[in-house]
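Novice: No sequence on hand, only this structure:
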């Protein structure tokens, strides 16, 4: 199909009408567009008899011919509020190229932010909404380093792993893309208003295929997940149980011929089971950012060891040899166990634990303390 520059508001109506046609497969739409002049406007203006001969039913033709004035007015009002509000059609120059490879790409994408970043190299990070302290730290660390090495980080702006993926990228001056299961102007959950604002202000982009003001519905999120993987070169899973929506994303990724990566965890942590299952099925086990970047050697990414440039990191590695720190496990470790393992007085242990918590080496959790990854 031919491409055009960003269309004026009036040019969006044919696409809204096309999208309203029931049971119209994308492959059928492509055939119709080619038959009627490669233009959505030509298609909706086509004679009804010609459309019948082309294979459309009367119900489909009626939907195709029905104006979408209410939605056009809503979109027009939204576009006028901010210059970084955009609606991309399937034939727009800025429409993400990778989405065109999908079996059913969205005909319209609502965007808030810098649309340039949705055509850059993206790496999706997904995982549990109920992430552990360890999972959150790993996510922010990996997202930050991946962003520093040239990736745009893509996720779904949910709580847990998604939130820390976006945060990790932003804290390292990286760009990040959030794909919503609601209208692009409907923030869900509301607690992520700060993340939404930071993404837009930080040169990233929030996108959705759903109409403005669309509320969250359970069936929207699996549909959203196909775009998270579809926009990305690969998907990194951090903490997911075996019934997680994150594994739905990896199923789409497999269908889309994307790379799948997973970070392992404790065999006692139910949030590790999804990652372990993926690794058993062939996902690449990831321990460091280079494990991901080496799979994309042809991409213009930074190859240097980022850890050597982080003196705070090196300091933490030195502290990791400390006998007291070594007494704290990656699962919740009771205070009396830490005291027993370290052989130090309780007062000394408590003081050191507070120091290490402030340094980000461990965190207080129900039942004791949990060590964070170095």
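Specialist: Alright, I've got the coordinates. Because the structure is predicted, anything quoted here is derived from the model rather than measured. Numbering: from 1, shown residues only.

Novice: going forward, measure contacts and count neighbours with C-alpha atoms only.
Specialist: Fine.

Novice: Just read off the phi/psi values of the residue sitting nearest the centre point of the chain.
Specialist: Centroid-nearest residue in the chain: residue 155, 1.3 Å away (criterion: C-alpha atoms, centre = their mean). Dihedral angles of residue 155 (phi, psi; degrees, to the nearest 10) stand at phi -160, psi -170.

Novice: Look up how far residue 31 lies from it.
Specialist: Per C-alpha to C-alpha, to the nearest Å, residue 155 is found 33 Å from residue 31.

Novice: same deal with residue 293?
Specialist: Relative to residue 31, residue 293 is positioned 39 Å away (criterion: C-alpha to C-alpha).

Novice: same deal with residue 58?
Specialist: The span separating residue 58 from residue 31 equals 18 Å under the rule C-alpha to C-alpha.

Novice: Tell me which residues touch residue 243, please.
Specialist: Applying C-alpha atoms under 8 Å, 6 or more residues apart in numbering, one finds that residue 243 lies in contact with residue 274.

Novice: Which parts of the stretch 51-200 of the chain are helices?
Specialist: For the stretch 51-200 of the chain, helices defined by DSSP state H, counting those that start in this stretch occupy the ranges 58-65, 69-81, 133-148, 161-171, 193-201.

Novice: for those, which one sits closest to residue 298?
Specialist: Relative to residue 298, the nearest member of the helices of the stretch 51-200 of the chain by C-alpha to C-alpha is helix 133-148, separated by 15.8 Å.

Novice: what is the rounded mean pLDDT of the closest one?
Specialist: Averaged across helix 133-148, the pLDDT comes to 95.

Novice: For that helix, which outside residues touch it?
Specialist: Contacts of helix 133-148 with the rest of the structure, by C-alpha under 8 Å, 6+ apart, involve 125, 152-153, 160-161, 164-175, 238-239, 288-289, 302, 306, 330, 363, 370-373.

Novice: and the angle for that helix with helix 161-171?
Specialist: Orientation note: helix 133-148 sits at an angle of 40 degrees relative to helix 161-171 (axes from the mean of the first three to the mean of the last three C-alpha atoms, to 10 degrees).

Novice: surely residue 32 meets residue 52?
Specialist: No. With contacts defined as C-alpha atoms under 8 Å, residue 32 does not count as touching residue 52, sitting 11.3 Å away.

Novice: Please say which of those two ends up with more neighbours.
Specialist: Under the neighbour definition other C-alpha atoms under 10 Å, residue 32 and residue 52 were set side by side, and residue 32 has more, 19 against 13.

Novice: in the helix or strand hosting the more buried one, what's buried?
Specialist: Of the helices and strands defined by DSSP states H and E, residue 32 is found in helix 26-35. Within helix 26-35, the residues scored as buried using 16 or more other C-alpha atoms under 10 Å are 32, 33.

Novice: can you list the residues that contact whatever helix or strand comes next after that helix?
Specialist: Next helix or strand after helix 26-35 toward the C-terminus (DSSP H and E): helix 40-44. Contacts of helix 40-44 with the rest of the structure, by C-alpha under 8 Å, 6+ apart, involve 11, 14, 15, 17, 18, 32, 33, 36, 37, 64, 65.

Novice: Look up the residues forming beta bridges with the spatially closest residue to residue 334 that is not a sequence neighbour.
Specialist: Taking C-alpha to C-alpha, 6 or more residues apart in numbering as the measure, residue 334 lies nearest to residue 368, with 4.1 Å between them; neighbours along the chain are not counted. With DSSP bridges applied, residue 368 shows beta-bridge pairing to residue 365.

Novice: how deep is residue 368 tucked in, by neighbour count?
Specialist: Using other C-alpha under 10 Å as the criterion, residue 368 is surrounded by 17 other residues.

Novice: can you check the one 3 residues further on too?
Specialist: The burial metric for residue 371, expressed as a neighbour count using other C-alpha under 10 Å, is 25.

Novice: give me phi/psi at the residue nearest to it when sequence neighbours are not counted?
Specialist: Excluding the flanking residues, the one nearest residue 371 by C-alpha to C-alpha, 6+ apart is residue 362, at 4.2 Å. The main-chain torsion angles of residue 362 are listed as degrees, to the nearest 10 and equal phi -150, psi 170.
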